[in-house]
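**Q** with the input below, show me the fold.
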Amino acid sequence: MDNDQKNLPLNVADSRYQVGAEVVGPVTPPPVRYKKSADIQKQLLDAAEYLFARWGYAAVSIRDVTSVVRMRVANVSYYFGSKQNLYYEVLRRRAEPLSRMRLERLKAARSQKTSGNRKLRALVAAYADPPLELSQSGDVGWKNFFSLIGQVTFTGFAAREIAEFFNEPARELMAALQDLYPSAPSAKIQVAAMLLIGPYIMVISEPGRIETFPERAFSSGDVALLGPLMKDFIVGGIREMLGSPATGRTSARSRKRTRPAKRR
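**A** Coordinates of the predicted model:
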């Protein structure tokens, strides 16, 4: 790659930053009869969730979905209007309550009168515990949902409307971190929130990566084991980058990295 190519700025209007690999069309208003026949809609949503989680949006057809529940293909158009709308509803019906749980807990954690270190742990738990609890609730649909989220997180969500369910708790988390670290640059606050996603997704989506190891001490499904360790890892990473919230000071290693060079 030549220097001219290296120096080209990223174009945020590029399609890969808009919809990612799923290449999902726009969400449209659902049919008027959308709220009727809740049981039929649930069957279609459950089947679609199961298939999308395993094969992704592009590889699953409407006929695949209706074949699982032995319904007519026309039922998807009748109740949802389009494949895009069906995909949106698969994500929305669980992303919406998950978002509410996170927001409620984040706000409660922000209001705590406690030390900075305890509050940092409370904030990480407020963001990470809801999916951990839902994954272990016994509802297999949540595991399908988190598997699907694991697929689309790094390639783009189906629609901006869905991304907003995840962005709202993220903004609350970043605001809380800024409260703990008032002198920290906003870029570092955003990086802290963004890098939290990687460990969380690796645990909650149960990707099966550890199963490829010849020798292993746990499985991808050991969420009860991995959850607390994940939170320790996230808290440690934030402290290393931003310092101790109890004192507001940056860590010694961080100060060493950012100390300006002496003039010669």
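
**Q** so who does the residue lying closest to residue 51 once chain neighbours are set aside touch?
**A** Distances taken as Cβ to Cβ, 6 or more residues apart in numbering put residue 60 closest to residue 51, at 4.5 Å, once the chain neighbours are dropped. Any C-beta I mention is one placed from the backbone N, CA and C, and that applies to glycine too. Counting by Cβ atoms under 8 Å, 6 or more residues apart in numbering, residue 60 touches 48, 51, 52.

**Q** just put the residues you listed in a markdown table and tack on neighbour count, secondary structure and pLDDT.
**A** As requested, the contacts of residue 60 are exported to a markdown table (neighbours: other Cβ atoms under 10 Å; DSSP: H, G, I helix; E, B strand; the rest coil; pLDDT from 0 to 100):
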| residue | neighbour count | secondary structure | pLDDT |
| --- | --- | --- | --- |
| 48 | 27 | helix | 96 |
| 51 | 21 | helix | 94 |
| 52 | 27 | helix | 93 |
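
**Q** in three-state terms, label the residue nearest to residue 51 for me.
**A** coil (DSSP: H, G, I helix; E, B strand; the rest coil).

**Q** next one: it from residue 68, what distance?
**A** 10 Å (Cβ to Cβ, to the nearest Å).

**Q** list residues touching both of those two?
**A** Residues within reach of residue 60 and of residue 68 at once, by Cβ under 8 Å, 6+ apart, are residue 51.

**Q** what residue ranges in the stretch 1-150 of the chain score low on pLDDT?
**A** 1-25, 32-36 (pLDDT under 70).

**Q** what ranges do the helices span in it?
**A** All helices of the stretch 1-150 of the chain, identified by DSSP state H, counting those that start in this stretch, fall at 3-6, 38-55, 62-68, 74-79, 83-110, 116-135, 140-152.

**Q** got a pLDDT number for residue 168?
**A** Predicted confidence (pLDDT) for residue 168: 93.

**Q** what number of residues are in the vicinity of it?
**A** 15 (other Cβ atoms under 10 Å).

**Q** tell me the angle of the host helix or strand of it relative to helix 116-135?
**A** In the assignment (DSSP states H and E), residue 168 maps to helix 160-180. Counting by axes from the mean of the first three to the mean of the last three Cα atoms, to 10 degrees, helix 160-180 lies at 160 degrees to helix 116-135.

**Q** residues in contact with helix 160-180?
**A** Contact with helix 160-180 is made by 27, 88, 91-92, 95-96, 98-99, 102-103, 106-107, 109-110, 116, 119-120, 123, 126-127, 157, 184, 186, 189-190, 192-193, 196, 238, 242, 245, as judged by Cβ under 8 Å, 6+ apart.

**Q** what subset of the residues you listed is buried?
**A** 27, 88, 91-92, 95, 98-99, 102-103, 106, 109-110, 116, 119-120, 123, 126-127, 157, 184, 189, 192-193, 196, 238, 242, 245 (16 or more other Cβ atoms under 10 Å).

**Q** quick one on the thing from earlier: would JSON lines of the helices of the stretch 1-150 of the chain with distance to residue 230 be doable?
**A** Shown next, in JSON lines, are the helices of the stretch 1-150 of the chain (distance: least, Cβ to Cβ, whole Å):
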{"stretch": "helix 3-6", "distance to residue 230": "35"}
{"stretch": "helix 38-55", "distance to residue 230": "21"}
{"stretch": "helix 62-68", "distance to residue 230": "33"}
{"stretch": "helix 74-79", "distance to residue 230": "37"}
{"stretch": "helix 83-110", "distance to residue 230": "15"}
{"stretch": "helix 116-135", "distance to residue 230": "7"}
{"stretch": "helix 140-152", "distance to residue 230": "13"}
